[in-house]
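# Return a 3D structure for these sequence lines:
(one chain, ligands or ions: 2)
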Amino acid sequence: MAASSALPVVDLAPFFTEDGKGGTAGATEAVRQACQTHGFFRAVNHGVPVELMARALELSAAFFALPDEEKAKVRPAEGSKAPRSLPAGYGRQPAHSADKNEYLVVFDPKLGLNAYPAEPAGFRETVEECHAKLTQLGLLIQDILNECMGLPPGFLKDYNDDRGFDHMTAKSYFPATEEENVGISEHEDGNCITFIFQDGVGGLEVLTDGHWVPAEPACGSIIVNIGDVIQVLSNNKMKSATHRVVRKPAHRHSFAFFFNLHGDKWVEPLPEFTAKIGEAPRYRGFLYKEYQQLRVRNKTHPPARAEDVVNITHYAIY
Ligand SMILES: O=C(O)CCC(=O)C(=O)O
Ligand SMILES: [Fe+2]
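Numbering: from 1, shown residues only. Ligands and ions are numbered 1, 2, ... in the order given. Next comes the predicted model:
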């Protein structure tokens, strides 16, 4: 099988037709299978205009190509309050990190937290349009997951009813050197659902059955992956897959949208996956913002031993 076809592809077109008939059940089943096996899939006909994604990637490349002193103008002030555990604006991985990338974080524009560069022209409008479209896609995929997981209608929508912690990052990865090529070290996402679109360079890889499967660029598609929150709610039925970015000889640009959960929410395996089917919970419950804070500390104060990096196994019951 060609590596590019290794990630399951889900065509979401049936969800955008007038009557939704003839295909939503098939697409829902495809999402369920993909989330149980890979934790990742490639969405096509997802409702985000392909031209908008291409424009966003071009503008992002133009922003990251600006001199450092220009980008620094969008850097959050030292010690500035970050109400969402990470600040909006420009940042670069600290020198001690193996990850070599720079990024710009954007929250829901309505919150008034964002900082935008003056250049390139149109950056703000394009990024805000992407944020809005990806929020819509997040709500759709969340509804589909609700169905896949056999939850009461509207359960996830009610549980996850605050979009204030969602954020999008424009990312730029430096070219690999002869010595090292880490873009983002292997990790799982802590949130609910992540959406990624990327330029043609490649480098995103997903761990499936012990093998790194490339999520190769395919024009107009969006990579979707399940995060830890859904894995915990489903008591491991849905998989929050390990993934990484390997740097290539060229600069790479991508956008990642994190459909998240409010920090005050309690996260624990749902009764549909435990008491109601006679299975023991595989996680202790936790307050979502506490987990987020532990994950941020992994980055700001990296533990000396790899096994001390906090991930979702911190709450696992063995
Ligand atoms: O840039 C990418 O393709 C993936 C980024 C990623 O995994 C993340 O930001 O969590
Ligand atoms: Fe990730």
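# So F255 lies in a helix, does it not?
No - applying DSSP: H, G, I helix; E, B strand; the rest coil, one finds F255 to be strand, outside a helix.
# Show me what the helix or strand hosting F258 packs onto, helices and strands only.
Using DSSP states H and E, F258 sits in strand 252-259. Strand 252-259 is packed against helix 50-64, helix 123-148, strand 167-173, strand 193-198, with contacts defined by 3 or more CB pairs under 8 Å, 6 or more residues apart in numbering; DSSP states H and E. For the C-beta atoms, the positions are set from N, CA and C on the backbone; glycine is no exception.
# Adding distance to G91, write those out as a markdown table.
What follows is these, written out as a markdown table (distance: least, CB to CB, whole Å):
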| stretch | distance to G91 |
| --- | --- |
| helix 50-64 | 12 |
| helix 123-148 | 15 |
| strand 167-173 | 9 |
| strand 193-198 | 18 |
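# Now tabulate those in a markdown table and tack on mean pLDDT and distance to A250.
Output for the helices and strands packed on strand 252-259, formatted as a markdown table (pLDDT from 0 to 100; distance: least, CB to CB, whole Å):
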| stretch | mean pLDDT | distance to A250 |
| --- | --- | --- |
| helix 50-64 | 98 | 11 |
| helix 123-148 | 98 | 22 |
| strand 167-173 | 97 | 9 |
| strand 193-198 | 98 | 12 |
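# Columns distance to F257 and mean neighbour count on top of those, output as a markdown table?
Below are the helices and strands packed on strand 252-259 laid out as a markdown table (distance: least, CB to CB, whole Å; neighbours: other CB atoms under 10 Å):
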| stretch | distance to F257 | mean neighbour count |
| --- | --- | --- |
| helix 50-64 | 11 | 18 |
| helix 123-148 | 4 | 19 |
| strand 167-173 | 4 | 22 |
| strand 193-198 | 4 | 24 |
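# Is it possible to get a markdown table of these that adds distance to ligand 1?
Shown next, in a markdown table, are those (distance: least, CB to the nearest ligand atom, whole Å):
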| stretch | distance to ligand 1 |
| --- | --- |
| helix 50-64 | 11 |
| helix 123-148 | 14 |
| strand 167-173 | 5 |
| strand 193-198 | 5 |
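# tell me which element the nearest residue to C192 once chain neighbours are set aside is part of?
Among residues not flanking C192 along the chain, V229 sits closest, at 4.6 Å (CB to CB, 6 or more residues apart in numbering). If you go by DSSP H and E, V229 is part of helix 228-233.
# Can you point out the buried residues in that helix?
With burial defined by 16 or more other CB atoms under 10 Å, the residues of helix 228-233 counted as buried are 228-233.
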